[in-house]
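1. how does the following fold in three dimensions:
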Amino acid sequence: MSAATALTLAEAVDVVAREARRAGSDRFDIEADESDRLGLDVFAGQVTKTDVSSLRGLSIRLFRGRRPGCARTERLTVDALRRTVTEASAQATLADEADLDLPEPAALPAVDLQVDDPTLDFVSLAQMKALALHVEAAAFEVDPRVENLPYLRVSRNRRSSIVCNSNGVLYQSRQGSTTAGVGAVARYGQIRKMGIDTRGGRAFDYDAASMARRAVERAVELLDATPLASGVYPVVLSHRVSPQLFGLFASPFFAEAVHEGRSRLQGQIGRAIAVPEIAIVCDPLTPRAAGSYLFDSEGVPARTVHVVRDGVLQTYLSTLASARATGVPPTGTGSRDESGAITTRLANYQVGKGVRRLDDLLAAYSRCLYVVQLEGTAACSAVSGEISIGAQGFMYERGRRTRPVDRVTINTNFFDLLHRIRGLSDTYSDAFGNVFVPDVLVDGVHVSG
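-> Below is the predicted model of the structure:
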């Protein structure tokens, strides 16, 4: 074949493995991937943007002795792949030694993840446009105060990957998903509020009227919101926002952050870091979820990882290297960044549900703040745990909603918050995501009005 001919993923992997051995490396791992995206944006009845793209790439980590070098290319030609191996080999001469062993071939979990629906290949832009227009029309019918829909997008994604290494590991996967989102702006006088509803899944199956109604209701319900007097309040974080907050503070659970001194959880394995009701699990084996897979980017088979059990830290989420550095087992949560370097990923990060209904949480105190929107994360630090974030929601008194609230700031610390949780609801959001957290009742939260 010509050195400039584009190769298939399998051909590219074979070329890189051969070139790595020719460069004198007898230990390496490779991930090759390709993704296809099809999507569009709609505003005022017109398609304003289409997205038809195909991305391909290959990452290699090779070792010179015990020194790793990483590189990545998005051109799958023989010439480009040879250069990528040369770059990785050069990187290895500059790297520190890494004490890790690449995995041996192993049986993958016998789980049907239901993440590859072949019918997604036939979802067209015309179908996406029809859905978007239906959502748009339905939104204006819900409430006359709807001014416009500045965000209305539908998309479909397909991804294939191959992971292999010098020990004989060779795994392949294919996944597909769709997403649809709408943001509705409602106006009352000079006040405008936006409500957003985002759906997604492993099929193209959406209820346009329900999406429109949820987005509009979330905008309209906050139109006459006012600030709250500053003070210390019990706060219920809606399951719409609790995944956002817990996701912001997931990195302290990464072994690489612990090893690099960027986590307050260093040395805390076996100790209580939260109330006994808290359990945190990473489960890439959850069928149909956004973060599901059978193997990670290092060829480690996926498994369910109990990160926190009964409030006690059990382990860190790790790659092969960070696991060895911190003395924990590899958790099969390795990923590769845009340079080909190995990082840690979340894989269906779940805070366990409680047994109480949301209404019970809202009635647990004589008054509480129910937060349904968070705004701005620049003042939040995963290293220190500090939280200073804008919020909107509702004041509840004796379990009854009394008024909407906006222009308030929640000030607390995430690691302290874990010890002040007083209840968890029995419900997750039905949005298509990678982080699952129920409604969370927290006592003693400082709120600035």
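2. residue contacts, Asp426?
-> Lys353, Gly354, Val355, Arg356, Arg357, Pro438 (Cβ atoms under 8 Å, 6 or more residues apart in numbering). All C-beta atoms are positioned from the backbone trio N, CA, C, and that covers glycine.
3. ramachandran coordinates for the closest residue to it other than its chain neighbours?
-> Using Cβ to Cβ, 6 or more residues apart in numbering and skipping residues adjacent in sequence, the residue nearest Asp426 is Lys353, 5.2 Å away. The phi/psi pair for Lys353 (degrees, to the nearest 10) reads phi -70, psi 160.
4. is it true that Lys353 touches Ser429?
-> No. Under the criterion of Cβ atoms under 8 Å, Lys353 makes no contact with Ser429, lying 11.7 Å away.
5. does Glu19 count as helix, strand or coil?
-> helix (DSSP: H, G, I helix; E, B strand; the rest coil).
6. now it: how far from Ile30?
-> When distance is defined by Cβ to Cβ, to the nearest Å, Glu19 is 11 Å away from Ile30.
7. more crowded one of those two?
-> Neighbours of Glu19 and Ile30, each counted by other Cβ atoms under 10 Å, are more numerous for Ile30; the result is 26 against 22.
8. what sits against Asp416?
-> Residues in contact with Asp416 (Cβ under 8 Å, 6+ apart) are Gly385.
9. buried ones in stretch 126-145?
-> Buried residues in stretch 126-145, counting neighbours by 16 or more other Cβ atoms under 10 Å, are found at 128-129, 131-136, 138-139, 142-143, 145.
10. ok, those vs Leu222, which is closest?
-> Arg145 (11.6 Å; Cβ to Cβ).
11. quick one, phi psi at the closest one?
-> phi -80, psi 0.
12. quick check: which ranges of the stretch 51-200 of the chain have low pLDDT?
-> The model of the stretch 51-200 of the chain has no residue with pLDDT under 70.
13. surely Val371 is in a helix?
-> No. Val371 sits outside any helix when classified using three-state DSSP, being strand.
14. next, the buried residues of the host helix or strand of Ala88.
-> Assigned by DSSP states H and E, Ala88 belongs to helix 78-94. Residues of helix 78-94 classed as buried by neighbour count (16+ other Cβ under 10 Å): Val78, Ala80, Leu81, Arg82, Thr84, Val85, Glu87, Ala88, Ser89, Gln91, Ala92.
15. distance of the first one from Ile196?
-> Separation of Val78 from Ile196 (Cβ to Cβ): 46 Å.
16. hmm, Met194 is touching Val216, no?
-> No. The criterion here is Cβ under 8 Å, and Met194 misses it with Val216 at 10.2 Å.
17. joint contacts of those two?
-> By Cβ under 8 Å, 6+ apart, the residues touching both Met194 and Val216 are Ala184, Ala186.
18. neighbour-wise, which of these two wins?
-> Using other Cβ under 10 Å as the criterion, Met194 and Val216 rank with Val216 on top: 25 against 18.
19. which other helices and strands contact whatever helix or strand that one lives in?
-> Per DSSP H and E: Val216 is located in helix 208-220. Judged by 3 or more Cβ pairs under 8 Å, 6 or more residues apart in numbering; DSSP states H and E, helix 208-220 is in contact with helix 125-142, strand 146-165, strand 170-188, strand 191-201.
20. swap in 7 Å and give it another go.
-> When contacts are defined as 3 or more Cβ pairs under 7 Å, 6 or more residues apart in numbering; DSSP states H and E, helix 208-220 packs onto helix 125-142, strand 170-188, strand 191-201.
21. make a markdown table out of these and add distance to Met211.
-> Shown next, in a markdown table, are those (distance: least, Cβ to Cβ, whole Å):
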| stretch | distance to Met211 |
| --- | --- |
| helix 125-142 | 5 |
| strand 170-188 | 6 |
| strand 191-201 | 5 |
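22. which of these sits closest to Thr5?
-> Thr5 sits nearest to strand 170-188 of all these, at 21.9 Å, using Cβ to Cβ.
23. quick one: strands adjacent to that closest one?
-> Next to strand 170-188 in the sheet, as set by DSSP bridges, lie strand 146-165 (antiparallel), strand 191-201 (antiparallel).
24. the last one: which residues count as buried?
-> Of the residues in strand 191-201, those buried under the neighbour-count criterion (16+ other Cβ under 10 Å) are Lys193, Met194, Gly195, Asp197, Thr198, Arg199, Gly200, Gly201.
25. now swap in the longest one and tell me
-> Neighbour-count burial for strand 146-165, with 16+ other Cβ under 10 Å as criterion, is recorded at 146, 148-149, 151-165.
26. what do you get for stretch 32-39?
-> For stretch 32-39, burial by neighbour count (16+ other Cβ under 10 Å) applies to Ala32, Asp33, Glu34, Asp36, Leu38, Gly39.
27. and which of those residues is nearest Glu397?
-> Lowest distance from Glu397 to the buried residues of stretch 32-39 (Cβ to Cβ) belongs to Gly39, with 44.0 Å.
28. could you find the closest non-adjacent residue to that closest one?
-> Ser155 (3.0 Å).
29. again, but for Gly354
-> Per Cβ to Cβ, 6+ apart, closest to Gly354 is Leu424, 3.0 Å.
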